[in-house]
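Enquirer: A structural model of the following input is requested.
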Amino acid sequence: MVVNFTSNVGLAKPTDVELAENWVNFTQLQGDNNTIIQDEANKVVTAYTPTFITQGTQPNIGSGGSVLGEYIDNMGVIMGSAIVTFFGSGIAAGTGEYGISLPFVVDNSFHSVGSALNSTPGSFSVIGEGFVYDASASSTSGSVAIDCVTFGGVSYARMLTEAFTSPAKTSRFVRDAMPITVAADDRFIINFLYKKL
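Expert: Numbering: from 1, shown residues only. Presented below is the predicted three-dimensional model:
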């Protein structure tokens, strides 16, 4: 029996001869496609350690802080999350706009990608959403949009503060002192979905 595969998702399909023989009514095609779908859907979650940086002086997450990430690579489409937790002694906000490295370089032929953490937002592809958690004040906790920039061979997620209204917003980005000055138990959480290069 000859089996062809569809070009876009790689599912089995009958040849013209098999269609003429009504092969589509048999369970073999359904079984083949179910196996393909199951194999593609059964992806392993992979851990990665993101880099947390700023445009200027680098931040310090503290002696007990952590930066953790995980992702699934499904045929070149990357879906994942990362969390930056500040804790312990030595926490420092750094200076400038924040970036959290992504596990793979973003495909700039598919997405519109910036070239620096302080690139003006608005024209770049949104690749996810996130949350800024201020442990000391609920009024400065809130949702953020995630866009991306690539420089030095690494893609970074940026957190955009468009949902923030209080306190008075001084930047379109999550950065040092905006919307919070980081302290113990604060967190940045991001979720992303993009096509890798």
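
Enquirer: show me how the protein divides into domains.
Expert: What automatic domain parsing lists as the domains of the chain is 3-41, 46-195.

Enquirer: could you tell me how many residues sit around the closest residue in space to Thr140 that isn't next to it in sequence?
Expert: Leaving aside its sequence neighbours, Thr140 sits nearest to Asp134 (Cβ to Cβ, 6 or more residues apart in numbering; 4.3 Å). Heads up, the C-betas are built off the backbone N, CA and C, glycines and all. Asp134 has 18 neighbouring residues, counting by other Cβ atoms under 10 Å.

Enquirer: in this structure, where is pLDDT below threshold?
Expert: 1-30, 40-42, 165-168 (pLDDT under 70).

Enquirer: rerun at 90
Expert: 1-44, 74-75, 120-123, 137-142, 161-173, 177-178, 180 (pLDDT under 90).

Enquirer: and among the domains of the chain, the most buried is which?
Expert: domain 46-195 (a mean of 18; mean count of other Cβ atoms under 10 Å).

Enquirer: what about that domain, start to end distance?
Expert: 16 Å (Cα to Cα, to the nearest Å).

Enquirer: now Gly65: how far from Phe192?
Expert: For Gly65, the distance to Phe192 (Cβ to Cβ, to the nearest Å) stands at 21 Å.

Enquirer: could I get the full set of strands for this protein?
Expert: 3-5, 12-14, 46-48, 52-54, 66-74, 77-85, 98-101, 126-133, 142-151, 154-160, 187-195 (DSSP state E).

Enquirer: so which of those gets nearest Thr35?
Expert: Among the strands of the chain, the nearest to Thr35 by Cβ to Cβ is strand 12-14 (8.8 Å).

Enquirer: the closest residue to Cys148 other than its chain neighbours pairs with what?
Expert: Leaving aside its chain neighbours, Cys148 sits nearest to Val106 (4.9 Å; criterion: Cβ to Cβ, 6+ apart). Taking DSSP bridges, one obtains Lys196 as the residues bridged to Val106.

Enquirer: mind listing what Val106 touches?
Expert: Val106 makes contact with Val113, Ile127, Cys148, Thr150, Ser155, Tyr194, Lys195, Lys196, Leu197, according to Cβ atoms under 8 Å, 6 or more residues apart in numbering.

Enquirer: that concludes my questions; thank you for your assistance.
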